[in-house]
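Colleague: kindly return the folded structure for what I paste below:
(chains A and B)
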Amino acid sequence: MDRTFFQKIWDDHTVADLGDGAFLIHIDRNFLHEVSGAVSLKNLDAEGRSVRCPELTFATLDHVLETVPGRGMTTRMPGGNDFLREFSERVGPHGIRYFDLDDPRQGIVHVIAPELGAALPGMTFICGDSHTCTVGGVGAFAWGVGSSDSEHALATQTVVATKPKTLRVNFTGTLPEGVFAKDMILALIGKYTANGGTGYAIEYAGEAVASLSMDGRLTLCNMAVEFGGRTGMVAPDDITFEYLKGREFSPTGDEWDRAVEYWRSLRSDPDAKYDAEYELDCSTLTPQVTWGTSPEHVVGIAETVPDPAGSSDAVMRSSRERAASYAELSGGQQVAGLPIEGAFIGSCTNSRIDDLRAAAEVLRGRKVAPGVTAICVPGSTATKLLAEAEGLDKVFIEAGFEWRESGCSLCMSGATGGESFPKNARVIASTNRNFEDRQGPNVRSHLASPVTVAASAIAGHIMDHRQLVPLEAAQ
Amino acid sequence: MEPFVSVAGPAAAIMRNNIDTDQITPGHTGMKVQKSGFGDGLFFNWRYLEDGSNNPDFILNQPPFTEAKFLLAGPNFGCGSSREFAVWALRDFGVRAVIAASFGAIFTSNCFMNGVAPIILDETEVNAITAEISPASPEITVDMAAQNVISPSGRIFPFQLPALQRERLLEGLDAIDFTLRREPDIKSFQVADGARRPWVYKITSSREIVA
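Modeller: Sure, this is the predicted structure:
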């Protein structure tokens, strides 16, 4: 019988069928960070259990670690130092590979895992963070878990999982110039709502996906969780193999060839059936920007905020009214032109080298508008070093951006009382969550691609980067 | 884990969709390296005013819902961050089940790990139960054995949970102990898989080779 790409991975990792849709699934890679990982390890230790397969377990610091230059093993997040201390003290005795503060391999787990070849096609990959689905970009089945599931995997190298249904999203047409993977996923969530993917393992396919770089695919998969999906994934192809070859933990020699042969088999068979199929035409897509407090509150940059009262469903109407009130916006208002006080390029969604290069192209020779606090946080120390080798740091700094050390920064820390924008600020960010208070108390976050963020930082208001006046013309 | 057989108690309705785990437990309310002690932080930003006093407009501050054992909510409850603190806060507050049309996937798994039942009913059913709830008749019953929600007026709404998860809730079973019984299966899986996909298990760092 013809099987989907996802079904093949699922079958290859089933240790036991526990009945009624529940399975015991083998975990190939369990990645830990200092927040959920500290709780998992502390509880594991308290129960007197050991890590069953330390060689399949990786650890780093990203969530509460400061990103300011000269940072150390302390954080301003209330209670955060306990996470840093407990985690760093507990990882070592279990023999887990650990990329700490000063290791060039440190970074946001979902950025470093593909970068290091620690996540490979066909693998099951978990981490105690919802954006673990990012790693589906290399063709892994990757999903976020809580501390208890992570602890379960430490003790047993398995998790109990309910088998998701399968959804294929066909991104048809060619992506127009100046429109990015971030715009694709935001538009998809806008079209089908934030729970459009609930219950599904999502496979992204179609012309626009096939031509995306690995960094773009990782962005696309990153927000599968914002779509309600268990995971998002792209079947591995030559772009995948080219990206992974020679990475630190990728297989080498004969083993590489053998792996690639297996990876090539991980494609949906021609007559494989999905439980659902969605479609999005990319050929007419424009840069997307969110207006409210859910990623589904999104419009094309030339469009206006929809009238919340226009929702037929009562729960959705009251939710949208609350979102508009929080954002201090009303139906019919233009999104482009809204003045901003902050701009952030970073997070597991958009902090990779492609993102930094694209944003730098906009920033080169331009200046951030007065009154805008602009911050760039590369997703990994390796990405930061690569960007610096290319001189991108100078472009950001000369434009007026802060250039920081790698970590989750304002995407996570703002919600925990750590690094954050000032109270009530309106900001634009390349992150994944515009939830209430996500980037600081009462901060209004607008999500967009790094290029839209860069252009908006220059303009001082939300701006369509395609309308930037070319530098030659401006002079 | 506390077994969940049949529980009756007040049900508080928060009928918004996409209630994310950041709102259930705002991070600044004190994340701690432990699995309990989070009840006071539940819905912190909605539950308390800026001066720290209770927000009288929020349902969990209105008796008898201060003793809520159940939440009724709009679709996609528990979306967002994987933070298990959200479930620990619900559990520590006393919530035994959340009833909604859909849930975030990670939140669902976290619920099962901690003896909190994520119960899926159709939106119309959730609305029907909500319409019956009042301070004078706040109580519903969740019968895990029969898989029914019973509304204040006695209407019965059947639900379904996976057999394994229901068994765990009924008996309060620890998941790791349960899986460790399958150690021989895990071992034989790894032996067979290691022959087929050796690169998964024999991990060598190219950096370590150079060094």
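
Colleague: quick one: the helices in chain B?
Modeller: Ranges of helices in chain B, per DSSP state H, are B:21-24, B:44-47, B:85-93, B:105-113, B:123-132, B:163-171, B:175-180, B:183-196, B:198-201, B:206-210.

Colleague: not counting sequence-adjacent ones, nearest residue to the residue in chain B that chain A sits nearest to?
Modeller: With Cβ to the nearest Cβ as the measure, residue B:27 is the residue of chain B nearest to chain A, at 3.1 Å. For every residue, glycine as well, the C-beta is placed using N, CA and C. Spatial nearest neighbour of residue B:27, excluding adjacent residues (Cβ to Cβ, 6 or more residues apart in numbering or on different chains): residue A:416 at 3.1 Å.

Colleague: pretty sure that neighbour contacts residue B:25?
Modeller: No. Using Cβ atoms under 8 Å as the test, residue A:416 is too far from residue B:25 to be in contact (10.2 Å).

Colleague: shared neighbours, the two?
Modeller: residue B:31 (Cβ atoms under 8 Å, 6 or more residues apart in numbering or on different chains).

Colleague: deepest-packed of the helices of chain B, please.
Modeller: Neighbour counts (mean count of other Cβ atoms under 10 Å in any protein chain shown) averaged over each of those peak at helix B:105-113, with a mean of 27.

Colleague: quick one: strands adjacent to the helix or strand encompassing residue A:143?
Modeller: For residue A:143, the element it lies in under DSSP states H and E is strand A:141-144. The pairing partners recorded for strand A:141-144 under DSSP bridges are strand A:124-127 (parallel).

Colleague: alpha carbons of the strand it pairs with, in PDB - could you do that?
Modeller: What follows is strand A:124-127, C-alpha atoms only, in PDB (Å, rounded to 0.1, in the frame of the first residue of the first chain):
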ATOM      1  CA  THR A 124      12.400  11.400  15.300                       C
ATOM      2  CA  PHE A 125      13.500  14.500  17.200                       C
ATOM      3  CA  ILE A 126      12.000  16.000  20.300                       C
ATOM      4  CA  CYS A 127      12.700  19.000  22.600                       C
END
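
Colleague: surely residue B:92 touches residue B:39?
Modeller: Yes. Residue B:92 lies in contact with residue B:39 (Cβ under 8 Å); the separation is 3.4 Å.

Colleague: and for the residue of chain B closest to chain A, the neighbour number?
Modeller: Other residues within reach of residue B:27, judged by other Cβ atoms under 10 Å in any protein chain shown, total 29.

Colleague: how close does residue B:40 sit to residue A:270?
Modeller: For residue B:40, the distance to residue A:270 (Cβ to Cβ, to the nearest Å) stands at 56 Å.

Colleague: those two: which has the busier surroundings?
Modeller: Taking other Cβ under 10 Å, residue B:40 and residue A:270 do not tie; residue B:40 has more neighbours (13 against 6).

Colleague: tell me the contacts of the more buried one?
Modeller: For residue B:40, the contacting residues are residue B:29, by Cβ under 8 Å, 6+ apart.

Colleague: ok, now residue A:132?
Modeller: Counting by Cβ under 8 Å, 6+ apart, residue A:132 touches A:31, A:109-110, A:125-126, A:142-145, B:82.
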